[in-house]
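Trainee: Task: produce atomic coordinates for the following.
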Amino acid sequence: MAGNPLFNMLGNNPSPFPPNVQNFLSRFQMFRQAFKGDPRQQVQQMLNSGQITQDQYNQAVQMANELQKYIN
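Mentor: Down below sits the predicted model:
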């Protein structure tokens with residue numbers, strides 16, 4: 001059975017995402033469902049306690065803002 005040539009080229013994967021992106025999205029969904037609390041507050045506490053630097057905080061905020069476009 002030859003199947004769909006496009007699916008064959010993509011490894012018979014009907015998803016629009018490559019397997020590594022699928023894996024990331026799946027793991028992110030599990031993390032999102034298990035996460036409790038306010039993420040902004042937790043990152044702010046990490047900054048206040050010295051666990052992360054101001055640059056790391058700024059990078060986390062920037063990444064969160066970018067990800068939010070895809071989540072909502």
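Trainee: by contact count, what packs against the top helix by length along the chain?
Mentor: In the chain, ranked by residue count with DSSP state H as the criterion, the top helix is helix 54-71. On a contact count with 3 or more CB pairs under 8 Å, 6 or more residues apart in numbering; DSSP states H and E, helix 54-71 meets helix 39-49. C-beta here means a position set from N, CA and C on the backbone, and glycine is covered the same way.
Trainee: got a list of contacts for the helix it packs on?
Mentor: Applying CB atoms under 8 Å, 6 or more residues apart in numbering, the external contacts of helix 39-49 come out as 52, 53, 54, 56, 57, 60, 61, 64.
Trainee: Check the offset of that helix from the chain's centre.
Mentor: Distance of helix 39-49 from the chain centroid (CA atoms, centre = their mean, to the nearest Å) equals 19 Å.
Trainee: That one vs helix 54-71, what angle?
Mentor: Interaxial angle, helix 39-49 versus helix 54-71 (axes from the mean of the first three to the mean of the last three CA atoms, to 10 degrees): 170 degrees.
Trainee: Same question for helix 39-49: list its buried residues.
Mentor: Going by neighbour count (16 or more other CB atoms under 10 Å), the buried part of helix 39-49 is 43, 47.
Trainee: Tell me how many other residues surround residue 27.
Mentor: Here the number of neighbours of residue 27 (other CB atoms under 10 Å) works out to 10.
Trainee: Render the CA-only coordinates of stretch 60-72 in PDB, please.
Mentor: Taking Å, rounded to 0.1, in the frame of the first residue of the first chain, the C-alpha atoms of stretch 60-72 are listed here in PDB:
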ATOM      1  CA  ALA A  60      11.800  35.300  30.600                       C
ATOM      2  CA  VAL A  61       9.200  38.100  30.300                       C
ATOM      3  CA  GLN A  62      10.000  38.600  26.600                       C
ATOM      4  CA  MET A  63       9.700  34.800  25.900                       C
ATOM      5  CA  ALA A  64       6.400  34.600  27.900                       C
ATOM      6  CA  ASN A  65       5.000  37.500  25.800                       C
ATOM      7  CA  GLU A  66       6.000  35.800  22.600                       C
ATOM      8  CA  LEU A  67       4.500  32.400  23.700                       C
ATOM      9  CA  GLN A  68       1.300  34.000  24.800                       C
ATOM     10  CA  LYS A  69       0.600  34.900  21.200                       C
ATOM     11  CA  TYR A  70       0.400  31.200  20.300                       C
ATOM     12  CA  ILE A  71      -1.300  30.000  23.500                       C
ATOM     13  CA  ASN A  72      -4.300  32.400  23.400                       C
END
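Trainee: Kind regards, and thank you for your time.
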